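S.K.: Show me how the following folds:
(chains A, B, C and D)
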Protein chains: 2
Amino acid sequence: MEEKIIPDIIVGRMPIYLRALQRMAEEGRHTTSSQELGERLGISAAQIRKDLSQFGEFGKQGSGYSIQFLAEQISKILKVNRVWDMAVVGAGDIGSAVARYQGFANRGFNVIMIFDNDPEKIGMSVGPFIIQDSATLETAIQQTGIQVAMISVPSSEAQTVADRLVKAGIKAILNYAPISLNVPEGVYVQYIDPVIHLQRMTYYL
Amino acid sequence: MEEKIIPDIIVGRMPIYLRALQRMAEEGRHTTSSQELGERLGISAAQIRKDLSQFGEFGKQGSGYSIQFLAEQISKILKVNRVWDMAVVGAGDIGSAVARYQGFANRGFNVIMIFDNDPEKIGMSVGPFIIQDSATLETAIQQTGIQVAMISVPSSEAQTVADRLVKAGIKAILNYAPISLNVPEGVYVQYIDPVIHLQRMTYYL
DNA sequence: TAGATTGTTAATCGATTAACAATC
DNA sequence: TAGATTGTTAATCGATTAACAATC
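M.R.: Residues are numbered from 1 along each chain as shown, chains lettered A, B, ... in the order given. Model prediction:
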């Protein structure tokens, strides 16, 4: 009944914490503190403790946090203690690179299909996948019941593709096209546009 | 002498405004308002006016903003009314896709070289570039005097590459490796990690 | 002119930090 | 035990919004 609403800005930092913890685990470390984590990430120790306290009590006074335990807890919070299947729409350079990318598997995601509308590309393979005809996108997505998709088509087609994905039941879209998408309530969009990041830095040069 | 410090969060929204304005220009539009821009971007009109007012007065009461004029002004503010040459380090799937990407040119950036340390790759071509030996990275970068680079090497090598880039004079790094980098004062880093964005959405699913 | 929309001020809202009792 | 570090409260800081005079 009572669902505390967690500020989005805090939700957005949890994946960063998780990534750092998983890296520490790879380094063979077992415990850490809010201070150490903060130093690695350039975030204050107080903020890390405050953020985590939104979701529960995960540490021990005096000794800090178990890296493995905290990583497991954050994984559960973010629902990445499971694997989400994904579709990639657009088999250009970016879409193909994403489809072949090996770094999703152990972080909760798994590409299972890729689409394009170019007759030259349909039927060709990208990594372990055969490029499917975009026309069959709705059927294929509905059949598998996946909820996560990535858009890597030209800007001019991105909104149309997004509309079709939403109709097919997709709830989360990672958009590589450099354009803002309109989606209905209950559908989430995140953007990746390298130029936005680059322009943000040149201001300071 | 007097340099007003603009909050980074505002600087970070300027590229978003610029992208939307350039898109409107492509659509053949000539003027817009803070309200229209806000609706497109999901940002309040008041915030857009407040943000822009940090840098000057660009609008006209009653009629709003000239799209072309405002885009030019923001381009100047972000220093993308020129073209920044860039180096790409790491010629894997992501690095290669980035090197071939056609969308930088008209937004202020231009890849001019790509490096890798794999003997199998050195000498091969990626788009219009020949992959150069990473060992020659410092020399090549110093010679050309470029200030912007992208890292697309495995996480384990990313910090070392960053250190070398900084020594070679790079001031802005776009890092595709899923790891936080430590760089000295005066060097800027931005991160692209698709998984971070995906995990931020699954929380809400 | 009347209507529209800016730039800016003041009010509100939310996020970050500092500090510390609790306790491992 | 003494030292360290959590979780939390209160204080500070900063960002967003609402409102409106100015004016095109």
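S.K.: Can you pull up the most central residue in chain A?
M.R.: Taking C-alpha atoms, centre = their mean, the centroid of chain A lies closest to A:Leu174, which sits 7.2 Å from it.
S.K.: That one touches B:Gln199, doesn't it?
M.R.: No: A:Leu174 is beyond contact range of B:Gln199, at 10.8 Å (criterion: C-beta atoms under 8 Å). Where C-beta positions appear, they are placed from N, C-alpha and C, glycine not excepted.
S.K.: so the residue nearest to the centre of chain A, which of the three states?
M.R.: strand (DSSP: H, G, I helix; E, B strand; the rest coil).
S.K.: hey, what's it bridged with?
M.R.: A:Met150, A:Gln190 (DSSP bridges).
S.K.: tell me the pLDDT at it?
M.R.: A:Leu174 carries a pLDDT value of 98.
S.K.: go on, A:Lys4?
M.R.: At A:Lys4, pLDDT is 76.
S.K.: just to revisit the earlier point, and for A:Leu174 and B:Gln199, which residues touch both?
M.R.: Residues touching both A:Leu174 and B:Gln199 (C-beta atoms under 8 Å, 6 or more residues apart in numbering or on different chains): none.
S.K.: Tell me the secondary structure at the residue in chain A positioned nearest to DNA strand C.
M.R.: Here chain A gets closest to DNA strand C at one residue, A:Gly62, 2.3 Å apart by C-beta to the nearest atom of the strand. Per three-state DSSP, the secondary structure class of A:Gly62 is coil.
S.K.: Any stretches of chain A with poor pLDDT?
M.R.: A:1-3 (pLDDT under 70).
S.K.: For it, what lies in contact range of DNA strand C?
M.R.: Residues of chain A lying close to DNA strand C by C-beta under 7 Å from any atom of the strand are A:7-10, A:43-44, A:46-47, A:49-50, A:60-63.
S.K.: Please list which of these also come close to DNA strand D.
M.R.: A:Ala46, A:Arg49, A:Lys50, A:Lys60, A:Gln61, A:Gly62, A:Ser63.
S.K.: got a markdown table for the residues you listed, with neighbour count too?
M.R.: What follows is these, written out as a markdown table (neighbours: other C-beta atoms under 10 Å in any protein chain shown):
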| residue | neighbour count |
| --- | --- |
| A:Ala46 | 11 |
| A:Arg49 | 17 |
| A:Lys50 | 12 |
| A:Lys60 | 10 |
| A:Gln61 | 5 |
| A:Gly62 | 6 |
| A:Ser63 | 10 |
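S.K.: Understood, closing this out.
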